[in-house]
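**Q** what follows is a predicted structure for the sequence shown.
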Amino acid sequence: MKIATFNVNGVNGRLDVLLRWLAQAQPDVVCLQELKAPQEKFPEAAIREAGYGAVWHGQKSWNGVAILARGREPVETRRGLPGDPEDSHSRYIEAAVNGVLVGCLYLPNGNPAPGPKFDYKLRWFERLAAHAAELLGSGAPVALVGDFNVMPTELDVYKPERWTDDALFRPEVREAFRRLVAQGWTDALRALHPDERIYTFWDYFRNAWGRDAGLRIDHLLLSPPLAGRLVAAGVDREVRGWEHASDHAPTWAELADEDAAPTPRRAARKGAS
């Protein structure tokens with residue numbers, strides 16, 4: 001099973017890019033973020049024509065998350081992150097796909113920091129951690145996948161010294177991610193590429209893509225039953241260079257079949273920075 005995450009930065013405006021990548025990469029499960037489309041404007045027909053069933057949680061102009069499954073229908077199990085009934089942002093959706101529970105998330109950016117948006121980000125992180133602990137406690141095979149808006153270490157950002165005050169790199173956020181992973185999750189990409197500088201995002205400004213001035217903010221966290229099946233992980237970074245591309249590139253992990261003995265391998269060269 002190949003699970004991927006892709007912040008599309010507008011699912012309708014970049015639908016051609018998404019469909020081209022789906023046809024090329026053929027992931028089994030895809031988590032999308034930043035749909036920037038209300039519920040009724042999600043391009044369900046085009047997604048189905050591409051061979052994918054889908055569940056989605058839309059929001060006009062902002063946010064929005066979706067889970068796609070190749071050749072099958074994902075079974076939605078949760079819409080919205082528990083812990084705050086007043087939070088109306090479309091940032092979390094969860095579904096069962098072929099025996100795996102997939103949580104697709106778009107964690108708040110949090111800038112400017114400090115400030116109300118940063119406080120909201122930290123509260124959202126706390127709610128995510130609480131829900132993640134419950135998922136781990138179930139013993140089910142679970143993947144928490146999406147745009148976490150955090151660079152966990154200095155290896156995940158092109159010039160760490162320039163990001164010390166940014167909400168994506170502040171100590172409080174990095175510590176929240178560390179505590180989350182310490183529950184027992186495996187960071188799929190970093191597990192197979194522990195020392196490589198790999199990015200998943202390049203800003204549109206200041207020729208960030210051309211300079212390879214990137215960040216690693218899109219992550220796939222695997223519960224122990226899935227971590228034991230991990231065989232490959234990478235970033236389809238060439239997608240960032242396509243015309244009218246998102247500022248993110250698809251990030252993915254490949255899992256061996258449940259009854260097969262996994263043999264970890266490095267991703268193809270296109271998957272590394």
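**A** That came in fine, so what should we check first?

**Q** list the strands paired with the one helix or strand L221 maps to, with their directions.
**A** Under the criterion of DSSP states H and E, L221 resides in strand 218-222. Paired with strand 218-222 in the same sheet, following DSSP bridges, are strand 142-147 (antiparallel), strand 186-187 (antiparallel).

**Q** need the residues that contact the longest one.
**A** Residues from elsewhere that reach strand 142-147, judged by CB atoms under 8 Å, 6 or more residues apart in numbering: 3-5, 7, 29, 31, 33-34, 65, 100-107, 128, 132, 135-136, 185, 217-223, 225-226, 248, 253. Where you see a C-beta, it was placed from the backbone N, CA and C, and this is true even at glycine.

**Q** give the buried residues for the longest helix seen in the chain.
**A** As assigned by DSSP state H, the longest helix anywhere in the chain is helix 116-138. Residues 118, 120-122, 124-125, 127-129, 131-132, 135-136 are the ones in helix 116-138 that count as buried (16 or more other CB atoms under 10 Å).

**Q** repeat that for stretch 179-199.
**A** 180-181, 185-190, 192-193, 198-199.

**Q** show me where the stretch 1-150 of the chain has strands.
**A** 2-7, 29-33, 52-57, 65-70, 75-79, 92-97, 100-106, 142-147 (DSSP state E, counting those that start in this stretch).

**Q** and among those strands, the most buried is which?
**A** Mean neighbour count, computed with mean count of other CB atoms under 10 Å, is highest for strand 29-33 among the strands of the stretch 1-150 of the chain, reaching a mean of 28.

**Q** before we move on, the earlier item: same list, the strands of the stretch 1-150 of the chain, but as a markdown table with distance to G210 please.
**A** Listed next are the strands of the stretch 1-150 of the chain as a markdown table, based on distance: least, CB to CB, whole Å:
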| stretch | distance to G210 |
| --- | --- |
| strand 2-7 | 20 |
| strand 29-33 | 24 |
| strand 52-57 | 32 |
| strand 65-70 | 30 |
| strand 75-79 | 39 |
| strand 92-97 | 34 |
| strand 100-106 | 27 |
| strand 142-147 | 22 |
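
**Q** out of the ones you listed, which gets nearest to V239?
**A** Nearest to V239, of all the strands of the stretch 1-150 of the chain, is strand 2-7, at 8.2 Å by CB to CB.

**Q** so which of the strands paired with strand 218-222 comes closest to R240?
**A** Nearest to R240, of the strands paired with strand 218-222 and by CB to CB, is strand 142-147 at 14.2 Å.
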